[in-house]
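In: Any chance you could fold what I've pasted below:
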Amino acid sequence: MSHAAPPTVSPEKPSDPANTLGLDYRALADELPYRGPVVDIHTHVTSPKAAELFLEVAELYGVVKTFTMTGIDHAKKVAPIAGEKIEFMCVPDFLKRDRPGTFTTQWLDDIRAFREELGCRVLKLWAAPRVIDLAEQVPDEGFNAETVKLDSPLRRQGVELAYDLGYRTFMTHVADPDTWFATAYADASRYGTKRQQYEPLERLLDDFADCTWIGAHMGGTPEDLDFLQQLLDRHPNFVVDTSACKWQVRELSKHPGKFSEFCRRNPGRVLFGTDIVASEQMDQVGFDLFASRFWALRTLIETDYDGPSPIVDPDLHKVDPSVPEHSTPPLRGAAIDEDELLKTIYHDAAVKLLEPAGGL
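Out: Just a heads-up that it's a prediction; the model follows:
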């Protein structure tokens with residue numbers, strides 16, 4: 001059994017949404033049981049300044065390679081700072097959402113440019129229900145409530161182009177937290193039910209069966225690992241990552257034993273990812289902000305810590321307004337202590353996934 005040391009508290013550090021407990025994340029990095037290499041398969045590092053700090057924190061937490069998502073113009077600026085430590089995934093440039101073609105013709109051009117100019121090997125398809133809202137805001141008739149569907153002709157055109165260019169790994173974001181379906185997505189006639197989000201995904205999994213598909217954020221359903229297991233059983237080309245720290249901490253802490261068993265049952269199909277956003281915006285850059293995600297997720301996976309999360313979770317208040325706005329959920333560790341399994345989750349699964357395309 002891997003035991004988490006009592007939190008190391010720095011009394012000089014003021015409380016903030018990423019560190020309500022006043023933890024010394026630098027010291028805590030050395031107290032985590034797993035000492036091997038880590039690959040973070042899911043981040044959003046969008047500026048050179050943020051990349052420098054992110055890489056400093058990542059190194060403290062054992063990260064030897066990071067996969068990140070940002071528009072191609074920002075990717076080209078980050079690349080000289082990151083070197084081989086960061087690899088880019090192909091995504092549309094969401095910062096240019098007001099430009100016609102960003103999610104249609106320009107997206108298709110970007111798929112080629114990411115591959116040819118940056119050696120990109122992974123294409124990300126964002127299909128959260130709120131993409132419907134985005135489609136209503138952009139000035140492009142080709143990007144609408146029908147074409148945003150994960151298996152629409154437009155999306156398939158992008159996947160087929162990527163396939164022809166040599167991409168063999170695709171990441172998808174489908175669904176969203178149950179808490180959001182109880183609040184923001186309560187109108188099922190507009191957004192669909194949570195289960196309906198997986199229907200187009202399964203069609204793509206079948207139609208591109210020789211590709212690996214990464215289901216971001218524990219496949220979008222950490223709340224229901226039985227359903228997620230069924231997806232994995234039906235589709236051997238489907239794997240998941242642990243990204244979206246607040247979401248995973250809140251939900252997986254409700255059944256840490258089941259999460260532990262899920263990882264043991266599916267070696268090589270659970271990849272470590274944080275979903276850290278590191279941009280030029282002041283509220284998205286900070287040592288504690290980045291470190292909190294690494295510490296919380298690794299504590300969740302590899303220790304038996306049972307206490308409060310140091311990260312404020314706004315969903316608690318959204319679902320129950322009687323809960324204070326700055327509340328944090330319990331964090332209950334899954335206590336995975338098998339070194340080989342931890343190394344698989346943190347590193348080897350990602351390496352094996354990308355071996356056919358040249359490894360890491």
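In: hey, let's count contacts and neighbours off CA atoms from now on
Out: Noted.
In: In space, not sequence, find me the middle residue of this structure.
Out: For the chain, the residue nearest the mean C-alpha position is S243 (3.3 Å; Cα atoms, centre = their mean).
In: OK, contacts around it?
Out: By Cα atoms under 8 Å, 6 or more residues apart in numbering, the contact set of S243 is 42, 216-218, 272-275.
In: Could I get the phi/psi values of it?
Out: phi -70, psi 170 (degrees, to the nearest 10).
In: So which of the contacts of S243 are in strands?
Out: H42 (DSSP state E).
In: circling back: could you measure the residue nearest to the centre of the chain against A145, distance?
Out: Applying Cα to Cα, to the nearest Å, the value for S243 to A145 is 26 Å.
In: same question, A350
Out: In terms of Cα to Cα, A350 sits 33 Å off from A145.
In: More neighbours: those two, which one.
Out: A350 (24 against 15; other Cα atoms under 10 Å).
In: pLDDT at T8, what is it?
Out: T8 is assigned 52 on the pLDDT scale.
In: got the residue ranges for the strands in this protein?
Out: 38-45, 63-69, 86-89, 122-127, 169-174, 212-215, 238-241, 270-271, 276-278, 306-308, 330-332.
In: In TSV, list those along with mean pLDDT and mean neighbour count.
Out: As requested, those are exported to TSV (pLDDT from 0 to 100; neighbours: other Cα atoms under 10 Å):
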stretch	mean pLDDT	mean neighbour count
strand 38-45	98	26
strand 63-69	98	22
strand 86-89	97	26
strand 122-127	97	22
strand 169-174	97	22
strand 212-215	98	24
strand 238-241	98	24
strand 270-271	98	28
strand 276-278	95	24
strand 306-308	97	14
strand 330-332	98	23
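In: The ones you listed into a markdown table, with extra columns for distance to S292?
Out: Shown next, in a markdown table, are the strands of the chain (distance: least, Cα to Cα, whole Å):
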| stretch | distance to S292 |
| --- | --- |
| strand 38-45 | 14 |
| strand 63-69 | 14 |
| strand 86-89 | 20 |
| strand 122-127 | 25 |
| strand 169-174 | 23 |
| strand 212-215 | 23 |
| strand 238-241 | 18 |
| strand 270-271 | 19 |
| strand 276-278 | 10 |
| strand 306-308 | 13 |
| strand 330-332 | 13 |
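In: who wins for proximity to R293 among the ones you listed?
Out: Checking those against R293 by Cα to Cα gives strand 276-278 as the closest, at 7.0 Å.
In: how far does that closest one sit from the chain's center?
Out: What separates the centre of strand 276-278 from the centre of its chain is 10 Å, taken as Cα atoms, centre = their mean, to the nearest Å.
In: Show me what it packs onto, helices and strands only.
Out: Contacts defined by 3 or more Cα pairs under 8 Å, 6 or more residues apart in numbering; DSSP states H and E place strand 276-278 against strand 38-45, helix 48-60, helix 287-302.
In: where are the low-confidence patches of the stretch 51-200 of the chain?
Out: Nowhere does the stretch 51-200 of the chain drop to pLDDT under 70.
In: Tell me which stretches of it form helices.
Out: 72-82, 105-118, 131-137, 153-165, 178-181, 188-191, 198-207 (DSSP state H, counting those that start in this stretch).
In: do you know which of those helices lies nearest P37?
Out: Nearest of these (Cα to Cα): helix 72-82, 17.5 Å.
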